[in-house]
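>>> Generate a structure from the sequence data that follows.
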Amino acid sequence: MMDLEPVIGIEIHVQLDTNTKAWCNCELKVNGFENHYVCEVCSAQPGTLPVVNKQAINYAVMLGLATNCNINKTSFYDRKNYFYPDLPKGYQITQFKTPICEDGVVEILKADASSTKKIRLERIQLEEDTGKSTHHGDYSLINLNRAGTPLVEIVTKPDFSNAKEVTNFLKKVHAILVYLGVSKGNLQDGNMRCDVNLSLKEAGSTVLGTRTEVKNLNSYRSVEKAIEHEMKRQAEILNSGKKVLQQTLLFDVETNSNKVLRTKTDADDYRYFPEPDLMPLLVSDNQIHKIKENLPELPDVKMKRFVSEFSIPLYDAEVLCSDKDLANYFEKSCNLAGKNYKKISNWIMSELLKYVNEAKANINKIKLTPSHLVDLVALVESGEISGKIAKEIFVKVYDTGKLASDIVKEEGLKQNSNTDELEALVEKLINENPKEAEELKSGRDRMMGFFVGQVMKSTGGKANPKLTTELVKKLLSL
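The predicted structure follows:
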């Protein structure tokens, strides 16, 4: 069995959130009534000419600057020639030899979250989307609403070592897109689609294996499953003494496996040549300077600021900054609290995200606002309620929008910190459970959980666990 290691690179196609299409004034309504948002230009009627969408150019420059790319002040459009029913012109306008952005870098967390890793970008190029085919048994229908939607294609170097790094990168790119406001970036809605290029080589060797391409992956889970399956498939081929063929594959979500679509085509097969209907694309220093000045605070900058300003771990900051609205929610909570930043982070990551994700809710529209969260955390930190009770109250706050402090008063949930009352309960437990008491005295620390748990049970979860632990130690002379 050969010792093999993967070499992985990806291509991401991102729909830009412009008002109109790439080459015409048609409104962008991908999900509108079929073939309604179409004109002579995007349906490729004879004699029509494309006109560049300036907003798409600015968005591409913004993305290039945000990913540390060099911006080419002169770039060119090319024709990529191939036939497919949803490509009305018979070619795609793209950028082949000289794209608008090159040589970028995006920093991601490694798979084990122990440190970061830099992923190199080869290029970001402007192009257009195709129409959409839907298949119905023995016939297919074409919807051209999507035809001519402005895209950027982001092409990485083969810098990924595993599937988790790829999804970490996709999440980082998604965050950058949303922070910039250039795309909604949702894989499930088709705003962002990923192709994975993968090969295996012998460990330590500089000789690369034959790569395959898995096309049009539209979820993080599909990306990871497709990579895992392709690594296994290629390893089985190589270890059996056979050769991997250069092929294009499609991922089947039903079987979690990749299926061959066609033998891989090379660039020469597309017969690229310069687009004769569009002039060279010129981007001035002044344009780049203005865009750079107006860039918002990006995920990496915000993440480092959160670590420094709120003293939270890098992993927490990475999760919180992965979503713009989530980062804003956390920061508002911290500004209201003025302390307990790590506690706030813990509650957001362990409880809030669980409910928001399950309900697929918009965090800006939930009833549990930053003020509600700060109120709840303050009750726990002051010792007024226990962590166990707090989790129960959390659900009620999330569902009703009531303040935790009001729920505690209404339902009499205040934590019991009456020393005399709790000491009497602990003393009774010790007398009733002499064996467990002796085990705790002899060094079996886990028995402390037994006594604290029994006190919590008898008080309906209201006993102060810290005070209860101190009383057990006191009465057993620990």
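>>> now this structure, which segments are flagged as low pLDDT?
Scanning the chain for pLDDT under 70 picks out the ranges 1, 264-268, 413, 415-416, 418, 478.
>>> Farthest from the middle of it: give me that residue.
The C-alpha centroid of the chain is most remote from residue 431, which lies 54.7 Å away (Cα atoms, centre = their mean).
>>> Secondary structure element for that one, which one?
If you go by DSSP states H and E, residue 431 is part of helix 419-432.
>>> who touches that helix?
416, 437, 451, 454-455, 458-459, 463-464, 467-468, 471-472, 474-476 (Cβ atoms under 8 Å, 6 or more residues apart in numbering). Quick note: C-beta positions are derived from backbone N, CA and C, even for glycine.
>>> can you do 7 Å?
416, 437, 451, 454-455, 458, 463, 467-468, 471-472, 475-476 (Cβ atoms under 7 Å, 6 or more residues apart in numbering).
>>> same for the biggest helix by length in the chain, what does it pack against?
Counting by DSSP state H, the longest helix found in the chain is helix 220-239. Contact here means 3 or more Cβ pairs under 7 Å, 6 or more residues apart in numbering; DSSP states H and E; on that basis helix 220-239 packs against strand 4-15, helix 163-180, strand 192-202, strand 212-217, strand 257-263.
>>> I'd like those written out as TSV, with mean neighbour count and distance to residue 409 added.
Compiled in TSV, those are given as follows (neighbours: other Cβ atoms under 10 Å; distance: least, Cβ to Cβ, whole Å):
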stretch	mean neighbour count	distance to residue 409
strand 4-15	20	50
helix 163-180	22	40
strand 192-202	21	47
strand 212-217	20	51
strand 257-263	14	57
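>>> I'd like to know which of these is closest to residue 299.
Nearest to residue 299 among the helices and strands packed on helix 220-239 is helix 163-180 (4.5 Å), distances taken as Cβ to Cβ.
>>> any idea what sits nearest residue 121, other than its immediate chain neighbours?
Spatial nearest neighbour of residue 121, chain neighbours left out: residue 104 (3.5 Å); criterion: Cβ to Cβ, 6 or more residues apart in numbering.
>>> Can you tell me the strand partners of whichever strand or helix holds that neighbour and which way each runs?
Here residue 104, judged by DSSP H and E, is contained in strand 101-109. In the sheet, strand 101-109 lines up against strand 70-71 (antiparallel), strand 116-128 (antiparallel) (DSSP bridges).
>>> The residue positioned nearest the centre of the chain and residue 192, how far apart?
Closest to where the C-alpha atoms of the chain average out (Cα atoms, centre = their mean) is residue 171, at 2.8 Å. Residue 171 is 11 Å from residue 192, where distance means Cβ to Cβ, to the nearest Å.
>>> picking that back up, reformat the helices and strands packed on helix 220-239 into TSV and put distance to residue 363 next to each item.
Formatted as TSV, those follow (distance: least, Cβ to Cβ, whole Å):
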stretch	distance to residue 363
strand 4-15	23
helix 163-180	13
strand 192-202	20
strand 212-217	26
strand 257-263	35
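>>> and residue 442, which of the ones you listed is closest to it?
Of those, the one closest to residue 442 (Cβ to Cβ) turns out to be helix 163-180, at 44.7 Å.
>>> what's the angle from the closest one to strand 212-217?
Between the axes of helix 163-180 and strand 212-217, defined by axes from the mean of the first three to the mean of the last three Cα atoms, to 10 degrees, the angle is 40 degrees.
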